[in-house]
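Asks: The sequence and its predicted three-dimensional model are supplied below.
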Amino acid sequence: MKLMQASEELLKEHYISLRERPFFSRLVKFMSSGPIVAMVWQGQEVVKTARMMIGETNPADSKPGTIRGDFCIEVDKNVVHGSDSVESAEREIALWFRSDELICWKDSTEHWIYE
């Protein structure tokens, strides 16, 4: 986990799959407007579990007790991002963290994300 200010370049790369969407520039501007906390979670079915804890992309569709259900009002000003797949998580971890910042709790040769 680390507190950081994300550059527009990093955010554009992180959200590259959304670059053609009309809200892309607003998203990058919002995400670069203040500090963020970047985290890596490890564990069995961690992507699935994290997505359940985070809630739906649209906070109006999120259940109470989820992060988005309790703390988010607008899709454009989302309070949390979570990888949607193991492949996305691996790509995103490589964007946000250097390898020497990652400490595996079990075995240094183990993958960070696994299902």
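Replies: That came in fine, so what should we check first?
Asks: hey, let's count contacts and neighbours off CA atoms from now on
Replies: Will do.
Asks: For this structure, just list every one of the helices.
Replies: 8-14, 24-31, 46-54, 67-71, 86-96 (DSSP state H).
Asks: With distance to Lys2 and mean pLDDT as extra columns, can I get those in CSV?
Replies: Below are these laid out as CSV (distance: least, Cα to Cα, whole Å; pLDDT from 0 to 100):
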stretch, distance to Lys2, mean pLDDT
helix 8-14, 15, 97
helix 24-31, 16, 93
helix 46-54, 18, 95
helix 67-71, 19, 95
helix 86-96, 9, 94
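Asks: can I get those helices in TSV with mean neighbour count?
Replies: Compiled in TSV, the helices of the chain are given as follows (neighbours: other Cα atoms under 10 Å):
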stretch	mean neighbour count
helix 8-14	15
helix 24-31	16
helix 46-54	17
helix 67-71	19
helix 86-96	15
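Asks: can you redo the ones you listed as CSV with distance to Val80?
Replies: Output for these, formatted as CSV (distance: least, Cα to Cα, whole Å):
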stretch, distance to Val80
helix 8-14, 14
helix 24-31, 10
helix 46-54, 7
helix 67-71, 7
helix 86-96, 14
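Asks: Of all those, which one comes closest to Met39?
Replies: For Met39, the closest of the helices of the chain is helix 86-96, at 8.5 Å, according to Cα to Cα.
Asks: Take the closest one, keep the C-alpha atoms, and write them as CSV.
Replies: Provided in CSV are the C-alpha atoms of helix 86-96 (Å, rounded to 0.1, in the frame of the first residue of the first chain):
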residue,chain,number,x,y,z
VAL,A,86,-6.5,-11.6,-12.8
GLU,A,87,-5.0,-10.4,-16.1
SER,A,88,-6.1,-6.8,-15.4
ALA,A,89,-4.7,-7.0,-11.9
GLU,A,90,-1.3,-8.1,-13.1
ARG,A,91,-1.1,-5.3,-15.7
GLU,A,92,-2.3,-2.7,-13.2
ILE,A,93,0.1,-3.8,-10.4
ALA,A,94,3.0,-3.5,-12.8
LEU,A,95,1.9,0.1,-13.6
TRP,A,96,1.5,1.2,-10.0
